[in-house]
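1. got a sequence here, can you model it:
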Amino acid sequence: MELRDGISRRNFFKTAVAVGGATALSACLERSKADVPIGDGDVPERQHAWNDHLRRDEHGNVRVPYHHALLLFDYTGDGIDDDRPTVEEVFGSLERAYEWSHEGLLFTVGYSPYYFDRFDEPLGVELPEPEPLSSFENPELDKADAVVHLASDHASVVLEAEEALTGDREEANGVVVETDLTGVFEKAERRTGFVGEGLPAQHQNVEGVPEDEPVPDDSPLYMGFKSGFKENQATEDDVTLGEKAGAFADGATQHVSHLHLDLERWYDDQSRHERVSKMFCPAHADDGKVEGAGHNLGSSSGVDDCEDAEESARQHGTVGHTQKAKRAREDGRPPLLRRDFDSTDPGRFDTAAGEHAGVHFVSLQEEIDDFVRVREAMNADGIVDETDVSPQGENGILQYVMTRRRGNYLLPPRSLRALPRPSP
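-> Next up is the predicted model:
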């Protein structure tokens, strides 16, 4: 892929992150005039404590950074304890280089169950291996040891931080980086993406999107509607591990999925009324509740205004995505904190395939079982069994989403993020 001066500013930066490497970073720095704040050492113990350092809209909804990278690594070092100081120095360098904010850099470091399998001691936290979560999916299961999630409003920051981690750059934001992860970690995979109003519409020339470019200009996501409503998200406290996790208290668990989208059928085969019905609920569509991408909904998707899911299925033959998510709540509270973003990554199932519209679904929760419970609610097995709703046909958005990969991770507290042992 070639970076060209003729493409739009936002398209340029998205393309730069997707391409990666020194050339993309150089082009990005040349074009960007961003004044990125230097880190001041004020970083929280919770790696996932981002919300107080992010933008919010007029309704109080948190807006995740525009640019993202997920870097999967395999451990290749000679000894966990010997390598730990090096790893901590690398991550500490990023915090010294960039302010902990959307204007600087936010990041997390997570470890998979396969990483912890090398130890004899019990982990003390439930961290199951990933698995298929419906009868109609067959994802590739991520088996890398670790994942680093980089996020910033500035594409140059994401690229520069990645280059610093992998030993391809000796400075980050003007701060000298003394060491890197080479010799300790080997990069297994690189995934990138974006989120924000206008970005999906500017990246429609990929597989999975109709040729007539239907993605609305005001939508922050490919499917045409906003998400991340404040009242539909768990709080950071909700997803934080408590005292029962021992030394890993103040951490969290993380699930990462790569989903391919079939936007051709979503836009070409469905009317606006049908899309609203399937994304939210039939009552929202009938009442004209959703304007445009749904920015008018304020801080909630209006799930409490939706009919009971089973009743909706019987009356309309359709059950909405939002309706199903409500069924997984406990005491009315959502269990997941989502930080997902759109992507044009091709996916590993067909290595010859080009860019494809998709989502990197990143969710934080106290236990992986919380994610599994929500995902099973999306299957709506009980509803499907008792009504005319087909397993995928009128069952929310399931028939437009294909799960390519799944991975589960533990995000330790910051003090244990560098090659933790099960009993630190």
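2. counting residues, name the longest helix you see in the chain.
-> helix 80-97 (DSSP state H).
3. check which element follows that helix along the chain.
-> In the C-terminal direction, the helix or strand that comes right after helix 80-97 (DSSP states H and E) is strand 106-111.
4. ok, and what's touching that next one?
-> Residues outside strand 106-111 that contact it (C-beta atoms under 8 Å, 6 or more residues apart in numbering): 47-48, 50, 53-54, 65, 91, 94, 100, 145-152, 161, 254, 409-412, 417-418, 420. To be clear about C-beta, it is placed using only N, CA and C from the backbone, and glycine gets the same treatment.
5. where along the stretch 151-300 of the chain do the helices fall?
-> Taking DSSP state H, counting those that start in this stretch, the helices of the stretch 151-300 of the chain run over residues 155-165, 263-268, 272-279, 282-286.
6. just checking, what packs against the shortest one?
-> By that I understand helix 282-286. helix 272-279, helix 309-316 (3 or more C-beta pairs under 8 Å, 6 or more residues apart in numbering; DSSP states H and E).
7. can you list the domain ranges for the protein.
-> Per automatic domain parsing, the structural domains of the chain span 9-36+54-225, 260-406.
8. deepest-packed of the helices of the stretch 151-300 of the chain, please.
-> helix 155-165 (a mean of 26; mean count of other C-beta atoms under 10 Å).
9. what angle separates it from strand 106-111?
-> For helix 155-165 against strand 106-111, the angle by axes from the mean of the first three to the mean of the last three C-alpha atoms, to 10 degrees is 40 degrees.
10. mind listing the strands for the stretch 151-300 of the chain?
-> Using DSSP state E, counting those that start in this stretch, the strands of the stretch 151-300 of the chain run over residues 171-172, 175-176, 185-194, 252-261.
11. what sits up against the second one?
-> Applying C-beta under 8 Å, 6+ apart, the external contacts of strand 175-176 come out as 38, 39, 93, 96, 97, 170.
12. now the buried members of those residues.
-> 39, 93, 96, 97 (16 or more other C-beta atoms under 10 Å).
13. contacting residues for the third one?
-> Counting by C-beta under 8 Å, 6+ apart, residue 96 makes contact with 38, 39, 41, 175.
14. go on, the first one?
-> Neighbouring residues of residue 39 by C-beta under 8 Å, 6+ apart: 94, 95, 96, 97, 98, 99, 100, 104, 175.
15. distance of it from residue 126?
-> For residue 39, the distance to residue 126 equals 33 Å [C-beta to C-beta, to the nearest Å].
16. which regions of the stretch 301-424 of the chain sit below the pLDDT cut-off?
-> Within the stretch 301-424 of the chain, the stretches with pLDDT under 70 are 347-353, 384-393.
17. how about 50 then?
-> Along the stretch 301-424 of the chain, segments meeting pLDDT under 50 span 349, 351.
18. same question, the chain
-> Looking along the chain with the criterion set at pLDDT under 50, you get 1-7, 349, 351.
19. residue contacts, residue 209?
-> 215, 222, 263, 264, 267, 357.
20. rebuild those as a markdown table, extending it with distance to residue 322.
-> Listed next are the contacts of residue 209 as a markdown table, based on distance: C-beta to C-beta, whole Å:
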| residue | distance to residue 322 |
| --- | --- |
| 215 | 20 |
| 222 | 17 |
| 263 | 19 |
| 264 | 23 |
| 267 | 19 |
| 357 | 21 |
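21. out of these, who's nearest residue 346?
-> Taking C-beta to C-beta as the measure, residue 346 lies nearest residue 357 of the contacts of residue 209, at 10.5 Å.
22. leaving out chain neighbours, which residue sits closest to the closest one?
-> residue 208 (4.0 Å; C-beta to C-beta, 6 or more residues apart in numbering).
23. what's the distance between residue 99 and residue 65?
-> Using C-beta to C-beta, we find residue 99 at a distance of 12 Å from residue 65.
24. between these two, who's got more neighbours?
-> Here residue 99 and residue 65 are compared on neighbour count by other C-beta atoms under 10 Å; more neighbours surround residue 65, at 27 against 20.
25. residue 196 against residue 55, yeah?
-> No: if you go by C-beta atoms under 8 Å, residue 196 and residue 55 don't touch, sitting 10.2 Å apart.
26. between the two, which contacts overlap?
-> Common contacts of residue 196 and residue 55 (C-beta under 8 Å, 6+ apart): residue 63.
27. quick one: which of those two has more around it?
-> residue 196 (20 against 14).
28. follow-up on the earlier one: which of the contacts of residue 39 lies closest to residue 246?
-> residue 95 (24.9 Å).
29. quick one: the closest one and residue 41 touch, right?
-> Yes: between residue 95 and residue 41 a contact is recorded at 7.1 Å, counting by C-beta under 8 Å.
30. higher neighbour count, these two?
-> residue 95 (19 against 8).
31. and that one, what does it touch?
-> 39, 41, 43.
32. for those, give me JSON lines that also has distance to residue 324 and secondary structure.
-> Converted to JSON lines, the contacts of residue 95 look like this (distance: C-beta to C-beta, whole Å; DSSP: H, G, I helix; E, B strand; the rest coil):
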{"residue": "39", "distance to residue 324": "41", "secondary structure": "coil"}
{"residue": "41", "distance to residue 324": "44", "secondary structure": "coil"}
{"residue": "43", "distance to residue 324": "37", "secondary structure": "coil"}
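33. nearest to residue 398, of those?
-> residue 43 (39.0 Å).
34. looking at it, that closest one is touching residue 415, isn't it?
-> No: Residue 43 is beyond contact range of residue 415, at 10.8 Å (criterion: C-beta under 8 Å).
35. neighbour-wise, which of these two wins?
-> Of the pair residue 43 and residue 415, residue 43 is the one with more neighbours under other C-beta under 10 Å, namely 17 against 13.
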